[in-house]
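Asker: pasting the sequence and the predicted coordinates here, then a few questions.
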Amino acid sequence: MRRALVLGGAGAVCRETTRDLARYSDFDEIVVADHNVAAAEALVREIGEPRLRVVRFNANDYQDMLRLFPGYDVVVNGLPFQYDLPVNRACVEVGVNGLDLSREDPQFALHDEALRKDVLFVPGMGATPGITNMMVRRASEVLERMEEVDIAFAAFRCLAPAPGLLTTTLWEFDPEEEARQEVCFEDGEWHPAPPLSGERLVRFHDQIGEQKVYYVPHDEVYSLPVSFPMLRRVAVRGCFPPHVMTLMTALLRGGLLSSRPVRIGEAEMPTIEAVRQLLATSPLSRENPVWAYGLVVEVSGQRAGRRVTCTYRSRHPPQEEWGGQAAYFKNVGIPLSIGAQMIALGQITGKGVLPPERAFPTGPFFAELARRGIIVEEEIRE
C-alpha cells in the first residue's frame, strides 16, 4: 500500500499538487495535512476522490511531524519556505522520502544521514527552482561541456494571492536581503547584485510575451555549479506582471523596502513589514489580468568542438482553459506532484538530500509535464 502525505495540501499552491495526485497518481491513500481543516475538507469534497482524507497538522510542532510522518512513502511539503528545513530534518529522522518547493543550505548538511537511512529528499521541486533545474540537466545530456546558464522566469500572478507569496515577492526586491550578496555565479565565486539590475528583454510564451527581467537571488545559482562543476557562470533573472513591477519599483526607489524602523500608532516595526501589512489588506493586491508562468533557460557550451546553445521554453494552456489562477499555480504544484510520484515509483537517480537535477531523469519528468499540458520546447543552435 503506497501512501502520500501532502503538507499544506489545501493552500494556494499545493491544492494543485493535491488535485494532480488525485487525478494522475496510483497512491492508495493521499492524506491532506493542513491547519485549516475546513479548507482541506472542502477541497477533498470538491475533488471527490475516495483515496483522499484530511488530518489536522501544526507545522510549528516538530514533534507532531515525528508522530505523523512514519508510514508514508513520501512527504510532499507545500508549506512556506520557513518550514523546509524542519520538514526535511523530520523526514530524515524518521526515514521517509520527501520533497519541497524551495531550499535552504542547511538542508544539504542532512545528506549523509539521509544516505544512511536510504531515503531521498529533494529541495526545490516547483517551477523555478524545479523545472528550470531539469532543463539544465537536459542540456548536460546534449552538450559535452556546459559553460554558461541563463535562467529567466515570468511569474504572472497578483501581488498577494497568499501571505507566503507576498512575503516572497517582497523578499525578491529587498535591497538589504542577505541573499543579495550571492546572486550571480561566475568563475568560481558568487557575486552581489542589487534589485532591478541586470536588465534583459526575454520572450516568453504568447500569454506573457516579451518582458524585462532582472537579477534575483534564486536556488539554481547555488545548486547548479555544485552539480555541474564545469559551469563558469549561472544567473537567474525574473519578473512579475507589469503592474506589480511598477509598484515594487516605486516602493524600492522610495526607500519603503528597508528595515528602517517606522512608527504607526503605538507600534514600531521595520518599514518593509509595515508595507507588507498594508499590501496584505489591499484588494488591489489580489487583482491580476493574466495568470500564467513562463520559463526560458539558455545553456551554452561545447559539443564536437563547436560552441552550442541549448534553449528551453515552457508553455501551458491559457487561463481560460486552466481555470484563472490555476494557470499560474499548476506550474508550481504539478512538478511537486510528479516528483513525489517518481520517488514512490523508484524513478530516481540518487539518494540523500539532492537538488532536482541530481534526483530525477529528464525523459520521464518532461513526459509527465507534457501529459498535463506543460510543454517544454528544446532548440539547439550551433
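Answerer: Perfect, thanks for sending it.

Asker: what pLDDT is listed against the residue lying closest to L143 once chain neighbours are set aside?
Answerer: Counting by CB to CB, 6 or more residues apart in numbering, L143 lies nearest to G301, which is 3.9 Å off, once chain neighbours are set aside. To be clear about C-beta, it is placed using only N, CA and C from the backbone, and glycine gets the same treatment. pLDDT recorded at G301 is 98.

Asker: now G301: how far from I343?
Answerer: As for G301, its distance to I343 is 30 Å (criterion: CB to CB, to the nearest Å).

Asker: again, but for L284
Answerer: 40 Å.

Asker: of those two, which one has the most company?
Answerer: For L284 and I343, the more surrounded residue by other CB atoms under 10 Å is I343, and the numbers stand at 25 against 12.

Asker: next structured bit after the one helix or strand the more buried one maps to?
Answerer: Here I343 sits within helix 326-344, counting by DSSP states H and E. Following helix 326-344 in sequence order, the next helix or strand is strand 352-353 (DSSP H and E).

Asker: pLDDT on whichever helix or strand comes after that following strand, on average?
Answerer: Under the assignment DSSP H and E, the closest C-terminal helix or strand after strand 352-353 is helix 356-359. Averaging the model's pLDDT scores along helix 356-359 yields 98.

Asker: quick one: list the elements packing against the next helix or strand along the chain from helix 356-359.
Answerer: Tracing the chain past helix 356-359, the next element assigned as helix or strand by DSSP H and E is helix 362-372. Counting by 3 or more CB pairs under 8 Å, 6 or more residues apart in numbering; DSSP states H and E, the packing neighbours recorded for helix 362-372 are helix 14-24, helix 131-142, helix 326-344, strand 375-381.

Asker: now with 7 Å?
Answerer: Applying 3 or more CB pairs under 7 Å, 6 or more residues apart in numbering; DSSP states H and E, one finds that helix 362-372 contacts helix 131-142, helix 326-344.

Asker: what angle do the longest one and helix 131-142 make?
Answerer: Just to be clear, that refers to helix 326-344. Helix 326-344 runs at 60 degrees relative to helix 131-142, counting by axes from the mean of the first three to the mean of the last three CA atoms, to 10 degrees.

Asker: list the buried residues in helix 326-344.
Answerer: Of the residues in helix 326-344, 326-344 count as buried by neighbour count, 16 or more other CB atoms under 10 Å.

Asker: all set now, cheers.
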